[in-house]
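Participant: need a structure here:
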Amino acid sequence: MRGGALGDFLVTLPALALIRQRHPSARITLAVSSPVVKLAAMSGVADRCVSLDAAWAGRLFGNTLQPDEATWLKGFSVVYSFVHDPDARVRTWFSANSAAGFRQTSPLVADRHAVDHFLEPLAGWLDIWPDHASRMYALTVPAPIRGELATRFPAVLASPPVWIHPGSGSVTKNWPCRHFIALARRIRAESGIPVLFCIGEADGALALELEQAGEGTYMLDNLNLPDLAGLLALGAGYVGNDSGVSHLAACVGANSVVVFGPSDERLWAPRGRQVRVVCAAARTAAALAALPVDAVFDAVRQSGMLTKRG
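Facilitator: Have a look, this model is predicted:
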């Protein structure tokens, strides 16, 4: 069980992958938030993915399960919980009503990188001591999804673009949209590589700003997560804030530059073999706003994503 948004799921993915490896023949059910269900299913770490936003989950936290729900949950041999359970209601229910082994760790990250935070309990739970490779999350986009995207977005993928996601879960973590626009135009002017913006349903204000700046024709919005993962994997590179989409880009192996301001990059920087982090002078929104376009463009150029291929 893992609650939270896209980034929360992805920083837990290495731990989930090792649990899958330790139980290769087991039937694993993964409960995650609704927006993440399809991506979680694509990850291959579970045989079935269900929503933690469904009514049964609310009743589990309230200890008021329906008989069929209780019977279903009692059927598991072990439960791994990465959900916030401050009143211990989930632990109490399983302790009192199920023979399942119950292993729980807090989702609150404080003093180590989030990936390491979720990997650490595996040593005691499963006698797994993660190596360096297992601390780098990876998500493979299946060939059928890649092929379907090539059919649906031929103009986009004919010349793989640099993707920019100017949003995040908090406006305080956002480098100003006007800076992303300036960066996009500089990349186009100096490299000839197309730049496209990916916009989510929570990015309405950013979408409006892009449209008003004349960038509306360079924008794809409200893609489902498997499609977004595929497009990021097939692109020339990615630039974004501290966000779930930035973690997704790193997961699929995109050459990425990620801008950090108020949040701590030591805990939340996406992990990937091609990830560069650009930090503001201080962990404040004001310092992030003052981060110059030149600094981010230099990181983009140094990353190699502007080198044309083919």
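Participant: drop to CA atoms for contacts and neighbour counts, all remaining ones
Facilitator: Noted.
Participant: next one: stretch 39-55 to chain centre, how far?
Facilitator: Distance, stretch centre to chain centre, for stretch 39-55: 14 Å (C-alpha atoms, centre = their mean, to the nearest Å).
Participant: no, scratch that, I was asking about stretch 40-56
Facilitator: Centre-to-centre, stretch 40-56 and its host chain are 15 Å apart (C-alpha atoms, centre = their mean).
Participant: can we start the residue count at 38 from this point?
Facilitator: Got it, the first residue is 38 from now on, which makes the last one we talked about stretch 77-93.
Participant: can you pull the buried residues of that stretch?
Facilitator: In terms of neighbour count (16 or more other C-alpha atoms under 10 Å), stretch 77-93 has its buried residues at Ala77, Ala78, Met79, Ser80, Val82, Ala83, Cys86, Val87, Ser88, Leu89, Trp93.
Participant: among these, which ones are in strands?
Facilitator: Taking DSSP state E, the ones among the buried residues of stretch 77-93 that sit in strands are Cys86, Val87, Ser88.
Participant: can those residues go into TSV with extra columns for pLDDT?
Facilitator: Shown next, in TSV, are those (pLDDT from 0 to 100):
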residue	pLDDT
Cys86	98
Val87	97
Ser88	97
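Participant: out of the residues you listed, flag the one nearest to Phe98.
Facilitator: Using C-alpha to C-alpha, Ser88 comes nearest to Phe98 of these, at 13.9 Å.
Participant: which strand residues bridge the closest one?
Facilitator: Beta-bridge pairing for Ser88 (DSSP bridges): Val69.
Participant: contacts only, for it.
Facilitator: Each residue near Ser88 by C-alpha atoms under 8 Å, 6 or more residues apart in numbering is listed here: Ala68, Val69, Ser70, Ser71, Val74.
Participant: show me which pair in those residues is furthest apart.
Facilitator: By the measure C-alpha to C-alpha, Ala68 and Ser71 form the most distant pair in those, at 9.0 Å.
Participant: in stretch 319-339, what counts as buried?
Facilitator: Arg320, Thr321, Ala322, Ala324, Leu325, Ala326, Leu328, Val330, Val333, Phe334, Ala336, Val337.
Participant: residues in contact with the closest residue to the first one other than its chain neighbours?
Facilitator: When the adjacent residues along the chain are set aside, Arg320 lies closest to Pro299, with 3.9 Å between them (C-alpha to C-alpha, 6 or more residues apart in numbering). Residues in contact with Pro299 (C-alpha under 8 Å, 6+ apart) are Thr209, Lys210, Ala319, Arg320, Thr321, Ala322, Leu325.
Participant: could you report the neighbour count for Ser340?
Facilitator: Neighbourhood size, Ser340 [other C-alpha atoms under 10 Å]: 17.
Participant: low-confidence ranges in this structure?
Facilitator: 346-347 (pLDDT under 70).
Participant: still on that earlier bit, columns distance to Ser283 on top of the ones in strands among the buried residues of stretch 77-93, output as CSV?
Facilitator: CSV is the format used below for these (distance: C-alpha to C-alpha, whole Å):
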residue, distance to Ser283
Cys86, 23
Val87, 24
Ser88, 23
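Participant: out of those residues, the closest to Met173 would be?
Facilitator: Closest approach to Met173 among these (C-alpha to C-alpha): Cys86, at 22.5 Å.
Participant: measure that closest one to Gly112 for me?
Facilitator: Look at Cys86 and Gly112: by C-alpha to C-alpha, to the nearest Å, they are 16 Å apart.
Participant: surely Trp93 meets Pro104?
Facilitator: No. With contacts counted by C-alpha atoms under 8 Å, Trp93 stays clear of Pro104, the gap being 10.7 Å.
Participant: where do the strands sit along the stretch 188-337 of the chain?
Facilitator: Under the criterion DSSP state E, counting those that start in this stretch, the stretch 188-337 of the chain contains strands at 199-202, 232-236, 256-258, 274-278, 293-297, 312-316.
Participant: what's the shortest one in contact with?
Facilitator: Surrounding strand 256-258, the residues in contact under the criterion C-alpha under 8 Å, 6+ apart are Leu233, Phe234, Cys235, Ile236, Gly237, Glu238.
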